[in-house]
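1. sequence first, then the predicted structure:
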Number of protein chains: 4
Amino acid sequence: MIIVMKHNATTGEISAVVSQIETFGYRTHLSQGTERTIIGVVGDDRPLENHQFELLAGVEKVVRILQPFKLAGRDFHPENTIVQVRGIPIGGPQIVVIAGPCAVESRSQILETAQAVKEAGATILRGGAYKPRTSPYSFQGLGEDGLELLAEARELTGLPIITEVMSPEAVPTVGRYTDIFQIGARNMQNYALLQAVGKTHTPVFLKRGMMNTVQEWLMSAEYVLSGGNYQVMLCERGIRTFETATRNTLDINAIPLLKQWTHLPVFADPSHGTGKWELVAPTARACIAAGADGLIIEVHPHPEQALSDGAQSLKPERFTELMADLRRLAPAIGRVL
Amino acid sequence: MIIVMKHNATTGEISAVVSQIETFGYRTHLSQGTERTIIGVVGDDRPLENHQFELLAGVEKVVRILQPFKLAGRDFHPENTIVQVRGIPIGGPQIVVIAGPCAVESRSQILETAQAVKEAGATILRGGAYKPRTSPYSFQGLGEDGLELLAEARELTGLPIITEVMSPEAVPTVGRYTDIFQIGARNMQNYALLQAVGKTHTPVFLKRGMMNTVQEWLMSAEYVLSGGNYQVMLCERGIRTFETATRNTLDINAIPLLKQWTHLPVFADPSHGTGKWELVAPTARACIAAGADGLIIEVHPHPEQALSDGAQSLKPERFTELMADLRRLAPAIGRVL
Amino acid sequence: MIIVMKHNATTGEISAVVSQIETFGYRTHLSQGTERTIIGVVGDDRPLENHQFELLAGVEKVVRILQPFKLAGRDFHPENTIVQVRGIPIGGPQIVVIAGPCAVESRSQILETAQAVKEAGATILRGGAYKPRTSPYSFQGLGEDGLELLAEARELTGLPIITEVMSPEAVPTVGRYTDIFQIGARNMQNYALLQAVGKTHTPVFLKRGMMNTVQEWLMSAEYVLSGGNYQVMLCERGIRTFETATRNTLDINAIPLLKQWTHLPVFADPSHGTGKWELVAPTARACIAAGADGLIIEVHPHPEQALSDGAQSLKPERFTELMADLRRLAPAIGRVL
Amino acid sequence: MIIVMKHNATTGEISAVVSQIETFGYRTHLSQGTERTIIGVVGDDRPLENHQFELLAGVEKVVRILQPFKLAGRDFHPENTIVQVRGIPIGGPQIVVIAGPCAVESRSQILETAQAVKEAGATILRGGAYKPRTSPYSFQGLGEDGLELLAEARELTGLPIITEVMSPEAVPTVGRYTDIFQIGARNMQNYALLQAVGKTHTPVFLKRGMMNTVQEWLMSAEYVLSGGNYQVMLCERGIRTFETATRNTLDINAIPLLKQWTHLPVFADPSHGTGKWELVAPTARACIAAGADGLIIEVHPHPEQALSDGAQSLKPERFTELMADLRRLAPAIGRVL
């Protein structure tokens, strides 16, 4: 933490800032520039708040030097984390593809889709039982019946399952069925929920909030990690920007940036990232080419009849084509599929 | 809902769309343009999903005509809703000012602040007992002890209290103390929480998510209203944009826009909207001049010692000055304070 | 400028950075933290580029301490600049209202509007002769004929005129007619144009780019100021955000922020800032309450027949009402109108 | 164009809108819904302005149905445009890589870089002679001397050259040297400039403005096309969002979206799109995997000494590695390099 004094700060004001820092048990380092005096705080100053200094007389601004996350960062954990899900290693050379419908809608729908994505080569099955919907009048999911159907689909296909959990009190119920907890974009900063899944031993798939920075996202991962659950995966799913031609703007930059900053596995969701099925295959290829460890793709046997997200769902035959694309692509970038 | 067909859509494709619409029980209206054919759906088509048509052959896009909210809109409820909180009418000619610290930190802090804001003319006391923090290492609030202290401050000053509730299971506890449930920006689309407060009879103060459109915000209000709780207030608190010189960008346009679209009372939060105490007074005046029914302002006796949001908190003497400003302003725009 | 070294930077890497800084003629200041070493550059380092250090081995990042603008800032010019336009002081206690049509469309239109806004109390007449339009098929302005008509309107009413200049080669022509050069939002970073008007003695009205930060905006002002033209006014006209319910998001925070950072007069444009005439009056009041020195408002006698920006133009009678509102407001915030 | 009437619009108001439409020479189509009446305009209504109807009594909003561009769209030009630059076809199966320094800084720098990028396999040489810089105190380019050096580098290597033109009056000078006019992001809506290059026969490389939608971008292309110059290429170079960890957010979605909407060749600029050299190679691969027809990459022999954009420039050896990556990638996605 660096405290920048105002142009006309007095010696007394500078001394007062130094004293305040020392009160908190830190040492200081003074640097007298030609236009500004700068005071450095020596030590792990993550516990300090900017405003504890910004509001002192003569202070112009406070600049943070350290990244706020520790457990999620590579500084103290340089090697990649490999998350294990029923024997599938995630975060290693192998590309992992999660596929399935947005929502579990019926027994035939989920079983049919599960078999189709398995045949196409997917390794994990997705399906929502509890759906966060913008409108209270939209389909809200089948609830625990949906979880039962997912478990049956796992039984049938051998694919592990991932499904969303939306509130702390639902963690035990969802946890009885799922292999991976999905935390949706709207809940990326639902701290009560992050703390609840942080106390379990089930892997967590943390989607980026649509208006959250990569730094904030890693701080949300830090909530889970600091609770004792180290099995965390991150999933870029598009951010909200001024562009309205697509549902979201898939932040392709975030993929290699995360691989630099964190040891956690990085996924991408081109279905939500674009919102249009015609754009899913090209952006899915792009995410893999950019270094993503895996993808999550919405697949529905009859998208035009889907109860949610139909516009961005692939039909099974198109998903099969995409898997073929990815199989050609993987060796060209040194990955296995 | 309008379905726009592609340039080269065939008669068969057009008929198929018409049949699909009729399957759902709606009538259609066909309009043959020079470049495009357009199919209108006749009836309240809010239950339909865009993708049920977008994915049919020959369809270019689907355009929504109706606003998706009903209970929150003025179409069927033209007159203003007046929320009553312990005898204080909110949403009428009187400007309501909510003030207090970001978080309840100690007995002396909250009691001292409560008396100061009461003397300055505030009508409701704010204070957080449960705090949503970006970092798991930051102060998370005093919990139920904080609620007890808020109740004591109400006892002392006679000011009604507002405090944040962060999860559905906390609703009964928080509800035993508070006069108003605050739903924070990060929880604007926490639907489990919205449903939980929608089942109570306690007024709800719904802050805008920093990433959410006005339309989505009114849909979140619709969750509460459709649960049976009609005592909903909206609070603009700044949105996230590319500008980093301020913490958020206070969306001043949203204030008169909401007054057009909805009958619910509209507040503004210039503390979060700017993130800098020096900007709070001018933007607070601006929000009132734009037609806000009230303000929520962070006040702390010693901002530099605050455990959160110190940089945007006013000292009591500055809050007193702001109240004087607002008293001069109110009659000039036809309001009472 | 502060250079933050990586966690594991070697002594050799640190020395190399220090040498590089000294090569450019600056002194350094070393601060050894527990996790990071920080190197401060002593002196006015505005001419240095970040990447000259970011790319050296062992460097994590470069943090700027000084604001990049000098002439536009209050550090060396604390008192307000008062721009004089034909005897009208701009930037003092008096609120200045510029009004008129988006574009000059015909002799009768501009003369009628000029008289109407004068009667309502406007002090300067606006009108575009060259119009930047998104579509090449839209009305592009009357060109020099429009300038002639503006001059005739000035003759008739005594109001000074402001009009947009869009390219360096048009500066002499437009300069022969106008009292103030308007630089439009799309040209805020048209540096050839900024340099051209910087060489004249005509006041410059610099609108904020819809995609530009306040800092970048002041750097564009710096282009004009460093050319020798000190008569610069700034105009907030809304920025582009994810919200689509309004044409732009008027950044109300920018008004008091600019009054802190710069000595130049600050205007606001609620017509472009909202894009909807119903929102113009409330946001215009808000801008004045936030401390703006003036407003620019689009007024058209028949908005539904306007060749551009009709949706955000006030009819003369509504503009007259707004002026009455502002006259009530001005004394309540210590201004004169 | 669809005109949506208000809930309570009267028959008189509806008739008035119909008459107004007919005044402009269009036919109408009326659709009576349960909550709203909708009036469709029949014919190519691109010349009409929304506000000509929005402001009529009883109108709620106007919805556009047709894309505003014609010449740039695939409706009337379904097959891909192939731009020819000195015998190099752009927009066909072959991937075209443009490389070189941000700015021409010296004879040795541009000649050394030109030879290096040629050896690595680049097909076109880039280099700025006129530089748009945020600060008036930064290096502004060598001007015509830079153009001379570029021509010499072309002579030496046989690579065609591309360089930026910043104002209409510079078009003849730059045009004497360059093979392709680059229009920079800040000038995407500099209409005087677009008109000037639209009158030439030199291919135009139009970068996306950092805050412009894909639709606006195609309208800027339409300016050039409607001037008679059909040799237009588009280049995605990142948009401005709330994320500050990277310089811009490369909009990967825009690449396949453009391939759907337009017949013009599509490039990507991962140097500006990320602002960090470490992210250039992975995002460059991603853009090609998403379907881009080519890339433009900043390469500098000594990035830490570059006068601009050093942080995002690749050293020649890293560019050579990237070209090797792309050669492995191309066949996996059905392209040639």
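-> That came through, no problem. Since the structure is predicted, the reported quantities are computational estimates derived from the model, not experimental observations.
2. where along chain A do the helices fall?
-> A:11-23, A:51-54, A:107-120, A:144-157, A:171-177, A:191-198, A:214-226, A:254-261, A:270-274, A:277-289, A:316-332 (DSSP state H).
3. most tightly surrounded among the ones you listed?
-> helix A:270-274 (a mean of 29; mean count of other CB atoms under 10 Å in any protein chain shown). Quick note: C-beta positions are derived from backbone N, CA and C, even for glycine.
4. now check it, is it near chain C?
-> No - using CB under 8 Å from any CB of the partner chain, we find that helix A:270-274 stays clear of chain C, coming within 15.6 Å at best.
5. what separates that helix from the chain centre, distance-wise?
-> Relative to the centre of its chain, helix A:270-274 is centred 14 Å away, using CA atoms, centre = their mean, to the nearest Å.
6. so that helix, near chain D or not?
-> Yes - counting by CB under 8 Å from any CB, chain D is contacted by helix A:270-274 at A:273-274.
7. what does that helix contact?
-> By CB atoms under 8 Å, 6 or more residues apart in numbering or on different chains, the surrounding residues in contact with helix A:270-274 are A:185, A:236-238, A:246-250, A:277, A:279-280, A:283-284, A:286-287, A:295-298, A:309, A:312-314, D:253.
8. CA atoms only for it, dumped as CSV, please.
-> Extracted as CSV, the C-alpha positions of helix A:270-274 are listed here (Å, rounded to 0.1, in the frame of the first residue of the first chain):
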residue,chain,number,x,y,z
PRO,A,270,-19.6,-20.2,-25.0
SER,A,271,-23.4,-20.8,-24.7
HIS,A,272,-23.9,-18.0,-22.2
GLY,A,273,-20.9,-16.1,-23.5
THR,A,274,-22.7,-15.5,-26.8
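9. so for it, what's the average pLDDT?
-> The average pLDDT for helix A:270-274 rounds to 97.
10. circling back to that earlier point, filter the contacts of helix A:270-274 by proximity to chain B?
-> When the contacts of helix A:270-274 are checked against chain B using CB under 8 Å from any CB, the ones in range are A:277, A:309, A:312.
11. now pLDDT and distance to B:Arg126 too, for the residues you listed, in TSV please.
-> As requested, these are arranged in TSV below (pLDDT from 0 to 100; distance: CB to CB, whole Å):
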residue	pLDDT	distance to B:Arg126
A:Trp277	95	46
A:Asp309	84	38
A:Gln312	92	41
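12. if we ignore the residues flanking it in sequence, what's nearest the residue of the stretch 101-250 of chain A found nearest chain B?
-> Relative to chain B, the nearest point of the stretch 101-250 of chain A is A:Met211 (2.9 Å; CB to the nearest CB). Spatial nearest neighbour of A:Met211, chain neighbours left out: B:Met211 (2.9 Å); criterion: CB to CB, 6 or more residues apart in numbering or on different chains.
13. tell me the phi and psi of the one you found?
-> Torsion angles at B:Met211 (phi, psi; degrees, to the nearest 10) stand at phi -120, psi 10.
14. how about the residues of the stretch 151-300 of chain A by chain C?
-> A:211, A:240-242, A:244.
15. could you report the pLDDT at the residue nearest to A:Met211?
-> pLDDT, read off for B:Met211, is 92.
16. now do the one 5 residues further on
-> Among the per-residue scores, B:Glu216 holds a pLDDT of 97.
17. check contacts around the nearest residue to it once chain neighbours are set aside.
-> Using CB to CB, 6+ apart and skipping residues adjacent in sequence, the residue nearest B:Glu216 is A:Thr134, 5.9 Å away. A:Thr134 makes contacts with B:68, B:189, B:216, B:219, as judged by CB under 8 Å, 6+ apart.
18. which single one of these is nearest to D:Val171?
-> Set against D:Val171, the nearest of the contacts of A:Thr134 by CB to CB is B:Glu216 (45.7 Å).
19. the closest one is in contact with B:Met210, isn't it?
-> No - the criterion here is CB atoms under 8 Å, and B:Glu216 misses it with B:Met210 at 11.8 Å.
20. can you list the low-confidence ranges for chain A?
-> Scanning chain A for pLDDT under 70 picks out no residues.
21. circling back: separation between the residue of the stretch 101-250 of chain A closest to chain B and B:Asn212?
-> A:Met211 is 8 Å from B:Asn212, where distance means CB to CB, to the nearest Å.
22. quick one, which of those two is more surrounded?
-> Using other CB atoms under 10 Å in any protein chain shown, the more surrounded residue of A:Met211 and B:Asn212 is B:Asn212, with 25 against 22.
23. surely that one meets B:Met188?
-> Yes - contact criterion CB under 8 Å: B:Asn212 and B:Met188 qualify, at 5.7 Å.
24. quick check: neighbours shared by these two?
-> By CB under 8 Å, 6+ apart, the residues touching both B:Asn212 and B:Met188 are B:Ser220.
25. check contacts around A:Met211.
-> Contacts for A:Met211 (CB under 8 Å, 6+ apart) come out as A:239-240, B:209-211, B:240, C:242, D:242.
26. A:Thr283 reaches D:Ala254, doesn't it?
-> No - using CB under 8 Å, A:Thr283 is not in contact with D:Ala254, being 10.3 Å away.
27. what number of residues lie near A:Thr34?
-> Based on other CB under 10 Å, the number of other residues close to A:Thr34 is 11.
28. the nearest residue to it once chain neighbours are set aside and chain B: what is the separation?
-> Nearest residue to A:Thr34, sequence neighbours excluded (CB to CB, 6+ apart): C:Gly43, at 5.3 Å. Between C:Gly43 and chain B the computed distance is 25 Å (CB to the nearest CB, to the nearest Å).
29. phi, psi of C:Gly43?
-> Torsion angles, degrees, to the nearest 10, at C:Gly43: phi 130, psi 170.
30. same check, this time on the one 4 residues further on
-> Summarising the backbone geometry of C:Pro47 under the convention degrees, to the nearest 10, its torsions are phi -70, psi -20.
31. for the closest residue to it other than its chain neighbours, give me its contacts.
-> Excluding the flanking residues, the one nearest C:Pro47 by CB to CB, 6+ apart is D:Tyr137, at 6.3 Å. Each residue near D:Tyr137 by CB under 8 Å, 6+ apart is listed here: C:46-47, C:226.
32. nearest to chain D: which residue in the stretch 51-200 of chain A?
-> A:Gln67 (10.3 Å).
33. okay, now that residue: neighbour count?
-> Neighbour count for A:Gln67, taken as other CB under 10 Å: 18.
34. wait, it touches A:Glu222, no?
-> No - with contact defined as CB under 8 Å, A:Gln67 does not count as touching A:Glu222 (10.3 Å).
35. nearest spatial neighbour of A:Gly273, skipping sequence neighbours?
-> A:Leu250 (3.2 Å).
36. for A:Arg327, see how far away the one you found is.
-> From A:Leu250 to A:Arg327 the distance is 22 Å (CB to CB).
37. list the contacts for the closest residue to A:Asn248 other than its chain neighbours?
-> With CB to CB, 6+ apart as the criterion, A:Asn248 has its nearest non-adjacent residue at 2.8 Å, and that residue is A:Gly238. A:Gly238 makes contact with A:210, A:246-251, A:269, A:272-275, according to CB under 8 Å, 6+ apart.
38. determine which two of those are furthest apart.
-> With CB to CB as the measure, no two of those lie farther apart than A:Asp251 and A:Gly275, at 14.3 Å.
39. neighbour-wise, which of those two wins?
-> Neighbour totals were compared for A:Asp251 and A:Gly275, and A:Asp251 leads with 26 against 20 (other CB under 10 Å).
40. that one reaches A:Glu236, doesn't it?
-> Yes - under the criterion of CB under 8 Å, A:Asp251 makes contact with A:Glu236 at 5.8 Å.
41. common neighbours of those two, please.
-> Common neighbours of A:Asp251 and A:Glu236, using CB under 8 Å, 6+ apart, are A:Arg208.
42. which of the contacts of D:Tyr137 lies closest to chain D?
-> Distance to chain D, by CB to the nearest CB, is smallest for C:Ser226 among the contacts of D:Tyr137, at 4.8 Å.
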